[in-house]
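Engineer: after the sequence you'll find the predicted model.
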Amino acid sequence: DGSLKQVDCLGSQMRLVIVGTDGKITRLLVTDPGKVVILGGGSQALGCGPQKLRRVSLEYFPKTNARLATAGEVATIEFQ
């Protein structure tokens, strides 16, 4: 749980920068945006660049990618 701070577009992939409720920054990878389940009211799009802070709850598979500096791969995103 936290706030979506930024979306980095990396070709066909995305890196989400999340500020946790504890203030810690976590970076998560979206390997295939078409396979990520996005929940939450209305139309929620992930545009590239800095985001207006939006509360999110994410489920992800822990899978460190040192090259992209990510802690896991996103499975679901729920906007709150």
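Structural biologist: That came in fine, so what should we check first?
Engineer: for Leu39, give me its contacts.
Structural biologist: For Leu39, the contacting residues are 76-79, by Cβ atoms under 8 Å, 6 or more residues apart in numbering. (Each C-beta comes from the backbone N, C-alpha and C, glycine too.)
Engineer: what of Val74?
Structural biologist: Val74 makes contact with 16, 28-30, 36, 58-60, according to Cβ under 8 Å, 6+ apart.
Engineer: pull the helix or strand with minimum mean pLDDT from the chain.
Structural biologist: When each helix and strand of the chain is scored by mean pLDDT, DSSP states H and E, strand 37-39 comes last, with a mean of 87.
Engineer: where does the residue positioned nearest the centre of the chain sit: helix, strand or coil?
Structural biologist: Residue closest to the mean C-alpha point of the chain, counted by Cα atoms, centre = their mean, is Leu16 at 3.4 Å. Under DSSP: H, G, I helix; E, B strand; the rest coil, Leu16 falls in the strand class.
Engineer: Leu68 too?
Structural biologist: Under three-state DSSP, Leu68 comes out as coil.
Engineer: from what I can see it touches Leu29, true?
Structural biologist: Yes - the pair Leu68 / Leu29 is scored as a contact, 6.0 Å apart, by Cβ atoms under 8 Å.
Engineer: so where's the protein uncertain?
Structural biologist: 41-45 (pLDDT under 70).
Engineer: closest to Gly11 out of the contacts of Leu39?
Structural biologist: Ile77 (19.5 Å; Cβ to Cβ).
Engineer: and whichever strand or helix holds the closest one, C-alpha only, in CSV?
Structural biologist: Here Ile77 sits within strand 70-79, counting by DSSP states H and E. The C-alpha coordinates for strand 70-79 follow below in CSV (Å, rounded to 0.1, in the frame of the first residue of the first chain):
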residue,chain,number,x,y,z
THR,A,70,13.1,-3.1,-9.1
ALA,A,71,11.9,-5.3,-6.2
GLY,A,72,9.3,-7.3,-8.0
GLU,A,73,6.8,-7.7,-10.9
VAL,A,74,3.3,-6.2,-10.6
ALA,A,75,0.3,-8.5,-10.7
THR,A,76,-2.6,-6.2,-9.7
ILE,A,77,-3.0,-2.5,-9.1
GLU,A,78,-6.0,-1.2,-7.1
PHE,A,79,-6.6,2.6,-7.2
